[in-house]
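# Quick one, what's the 3D model for this:
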Amino acid sequence: MYLNKVFLYGNLTRDPEVRSLPSGGSVASFGIATNRTYKDKMGAKQEQTEFHNVVVFGKLAEIIAQYAKKGRPLFVEGRLQTRSWDDKESGKKQYRTEIVMDNFQFGADGGRGAGGAPSASAPAPEAAGGSEDIKYPDEEINLDDIPF
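A predicted model of the protein is given here:
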């Protein structure tokens, strides 16, 4: 069995750019930056930033284009894909590896996007019948009262 699965959590490096496909569907592309902190041979703390290209199709492309903005944290789930083309100017074959996004969640603001948009993988609390603020009981919970 083979596996091609990517999980990224980082900040958008640019606003998503949405385009229409000849089939009528939508495609959005954007970048995400991730950071890695480590200690070098001398024990000094170092930080390395990686930049990732992400593409998404269909309804998720429209949601991302509407709510995701540069600088916002985003959790992306998807797969790696490398595409190639012949560069007409140089005559050389060009390659680009991208993450094709399957799912996402907005980060750091409780899973809600700009303007209150819910994440793509979890319904908004209002839609699930809950409320924005969770109210916990004041009294102790008795384990004998739990039915399972």
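# phi, psi of the residue minimising distance to the centre of the chain?
With distances taken as Cα atoms, centre = their mean, Val76 lies nearest the centre of the chain, 2.7 Å away. Taking degrees, to the nearest 10, you get phi -120, psi 140 for the backbone angles of Val76.
# From Asp40, how far out is it?
Distance from Val76 to Asp40, counting by Cβ to Cβ, to the nearest Å: 29 Å. (Each C-beta comes from the backbone N, C-alpha and C, glycine too.)
# what do you get for Asn53?
Relative to Asp40, Asn53 is positioned 28 Å away (Cβ to Cβ).
# Looking at the two, which is more packed in?
Applying other Cβ atoms under 10 Å to Asn53 and Asp40 shows that Asn53 carries more neighbours, namely 13 against 8.
# Isn't Asn4 up against Leu80?
Yes - assessed by Cβ atoms under 8 Å, Asn4 is found in contact with Leu80 at 5.7 Å.
# So between those two, which is more surrounded?
Shown here are Asn4 and Leu80; by other Cβ under 10 Å, Leu80 has more neighbours (12 against 9).
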